[in-house]
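K.L.:
I would like to see how this sequence folds:
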Amino acid sequence: MDKASAGASAFAGAKLDCDANGKLEWRNPEDGGEFKEFCTVGGGASAEAGAGGEAEFKISFSNGKFYIHAKAGLVCGVGATGRMEYEVNANLIWEFVQFVYHKVKDLRQDYALLIDERAYEYFCAGLAWYAHHENTDLNAAYEDIHASTNWWYSNGYSQQDIPSLITQLATEQQIAKFAPPPVRGRLIEILRLAADGAHKTGNEELLIQCESALLTLLNHLQSRGADYGVMLRSMTLDGSVIAEAEGEQKLAALGDSCPRVVAWLSNKDSSLPQYAAINTPVRSYDIA
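P.N.:
Numbering: from 1, shown residues only. Here you go, the predicted structure:
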């Protein structure tokens, strides 16, 4: 897919509601394909010089908020000229997360066709930070994006964070469902280390909780192709990238402590599709 058509592809299934309040909606597969609002017209993105460039459709980040830039002809129809700018308000953040997750998945993780690199970095860092903090709000992670990104790149792993992460995964279903592969890889690496530590110290209760959380994240992978590959490459604590084989070796090394994770590895090729289904709800494959 070339970049000229990528914006139109990303926008497929979205529409502009041309009322006085101007809003952008998309057909959310999680809600039976109903149109759901995920951003509204706003001019705050003007502070980001050159945001969106000449792309037909692009997401950027500025001053604690995500913005969408689109050619008017794409969202308003043939004959419209110029560009439109939308902002994601606090009450729409989870709808926006679902939009980005699904569109990047449908692009087989080629996120650069939809969202600029820095914005995707912030998108992932904020979600990962939120997964470790109970009794908070996802918007807080983006409003204080420097704290989130500092954590993302600073070997952010502490044993005291594990109970909160386990609780969040058990109670906040949207984390396991809509965490993109870079976030999923980070969370899995943290849980892998926690499981290994629990096994060595004989903490059976924590070990069982870690294995369950690991399986929750693994079972919500949507393909054994791009989704799984990016997840494996993201199994680090500092935002760096490793080889897929190294990531898989890390999971396989849990054989003594988390046998169900190793069973998942053995069964994934026969259970997970090579390519993620497009425009369908996220499903749990319950492989192990």
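K.L.:
scan the helices and strands of the chain for the one with the lowest mean pLDDT.
P.N.:
Least confident element among the helices and strands of the chain, by mean pLDDT, DSSP states H and E: helix 3-11 (a mean of 57).
K.L.:
point to the residue nearest the middle of the chain.
P.N.:
Pro180 (2.7 Å; C-alpha atoms, centre = their mean).
K.L.:
who's in contact with that residue?
P.N.:
Counting by C-beta atoms under 8 Å, 6 or more residues apart in numbering, Pro180 makes contact with 100-101, 104-105, 109, 111, 123-124, 127, 230. Backbone N, C-alpha and C define where each C-beta goes, glycine included.
K.L.:
any weak-confidence spans in the stretch 1-150 of the chain?
P.N.:
1-21, 43-55, 72-82 (pLDDT under 70).
K.L.:
that one: helices as residue ranges?
P.N.:
For the stretch 1-150 of the chain, applying DSSP state H, counting those that start in this stretch gives helices covering 3-11, 72-76, 93-106, 117-131, 138-143, 145-152.
K.L.:
surely Val183 forms part of a helix?
P.N.:
Yes - applying DSSP: H, G, I helix; E, B strand; the rest coil, one finds Val183 inside a helix.
K.L.:
that one and Gly32: what is the separation?
P.N.:
Distance, Val183 to Gly32, by C-beta to C-beta, to the nearest Å: 26 Å.
K.L.:
same question for Ala243.
P.N.:
40 Å.
K.L.:
would you check that Glu30 makes contact with Pro281?
P.N.:
Yes - Glu30 lies in contact with Pro281 (C-beta atoms under 8 Å); the separation is 5.1 Å.
K.L.:
so between these two, which is more surrounded?
P.N.:
Neighbours were counted for Glu30 and for Pro281 using other C-beta atoms under 10 Å; Glu30 has more, 17 against 13.
K.L.:
tell me how many other residues surround the residue nearest to Thr136 when sequence neighbours are not counted.
P.N.:
Spatial nearest neighbour of Thr136, chain neighbours left out: Tyr130 (6.8 Å); criterion: C-beta to C-beta, 6 or more residues apart in numbering. Number of residues near Tyr130 (other C-beta under 10 Å) recorded here: 25.
K.L.:
contacts only, for Tyr130.
P.N.:
Applying C-beta under 8 Å, 6+ apart, the residues near Tyr130 are 136-138, 140-141, 168, 175.
K.L.:
where does Asn267 sit, in terms of helix or strand?
P.N.:
Assigned by DSSP states H and E, Asn267 belongs to helix 259-271.
K.L.:
contact partners of that helix?
P.N.:
If you take C-beta under 8 Å, 6+ apart as the criterion, helix 259-271 is touched by 211, 214-215, 218-219, 221, 224, 228, 248, 251-252, 254-255, 285, 287-288.
K.L.:
do me a favour and average the pLDDT over that helix.
P.N.:
Mean pLDDT, computed over helix 259-271, is 96.
K.L.:
and Phe57, which of the helices of the stretch 1-150 of the chain is closest to it?
P.N.:
helix 3-11 (3.2 Å; C-beta to C-beta).
K.L.:
tell me how far the residue nearest to Thr136 lies from Cys258.
P.N.:
Tyr130 is 25 Å from Cys258, by C-beta to C-beta.
K.L.:
and for Gln168?
P.N.:
19 Å.
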